Structures are given as C-alpha cells and as structure tokens.
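Asks: Coordinates only, no sequence provided:
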C-alpha cells in the first residue's frame, strides 16, 4: 500500500513539474535540432495532435507543417495531410486545405481515408 501511494506521489510530482517547466513547443525545437532521430517524426505528429485536440489551430498547423517539411515521406505523412487540411479549413485557409487534400489524393490513392478526402476536396473547390 505504501509503495502504491509513493508511486502515485512520484508520478504526480513529475507530471506537475513537467507541466510547469516544459511546453510542447519545446518538443518541436528538439525534433528540429535532431532531424535524424527515429523518434522525431512521431513526436512532432503527436505534438500536432495534442494542439489539434486542444483546438489550438495555429500551433497544430505549425507542428503539421514542420512534419511535412522535415519528414515529407514519413509514416505519418498521409494522416498529417488530412489533419492539416482540417486545421486549415478551421482557420479559413481554404487554399492550404485544398493543397493538403490534393497532395493526399495524389500520393496516397490506396489509403483508407481516400473517399472522405475526395469528397472534402470537392466541397472545398467551391470556396
């Protein structure tokens, strides 16, 4: 019982310290500093998702754009293009949304999100 309480206190203390002294933006800077690291694309994508879920569209756009610029052929490219198009549309940046969807449709014809991407692209062509 004492070990469980101690563990919870340690994890809680680490979380509190990290939440007060670190920012997700720091992760983007570290990933840019170590572009060859195998963890970098996943970390940048995860940061983008966190900002996306927080509805911080500007920071999500920055993270997703960084991923597409620094790692244009990573395993996260397809999903990043879709998320970036959603973020851009939310920000009324319809040109970026169209560009992201066009790239997705061209580069990932067999990806599972293809029908939705094509439909969204058709709708955006009128904006």
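Replies: Noted; the coordinates are in hand. Bear in mind the structure is a predicted one, so any value in this text is a computation, not a measurement. Residues are numbered from 1 along each chain as shown.
Asks: so how far is residue 112 from the residue sitting nearest the centre point of the chain?
Replies: The chain has residue 48 as the residue nearest its centroid, 2.7 Å off, counting by CA atoms, centre = their mean. Distance, residue 48 to residue 112, by CB to CB, to the nearest Å: 20 Å. For every residue, glycine as well, the C-beta is placed using N, CA and C.
Asks: mind showing which ranges of the chain have poor pLDDT?
Replies: Along the chain, the parts satisfying pLDDT under 70 run over 11, 14-22.
Asks: circling back to that earlier point, isn't the residue nearest to the centre of the chain right up against residue 58?
Replies: No. Here residue 48 lies out of contact with residue 58, judged by CB atoms under 8 Å, at a distance of 11.6 Å.
Asks: Who are the contact partners of residue 95?
Replies: By CB atoms under 8 Å, 6 or more residues apart in numbering, no residues touch residue 95.
Asks: Return the distance of it relative to residue 3.
Replies: To residue 3, residue 95 is 56 Å away according to CB to CB.
Asks: And for residue 74?
Replies: Residue 74 is 40 Å from residue 3, by CB to CB.
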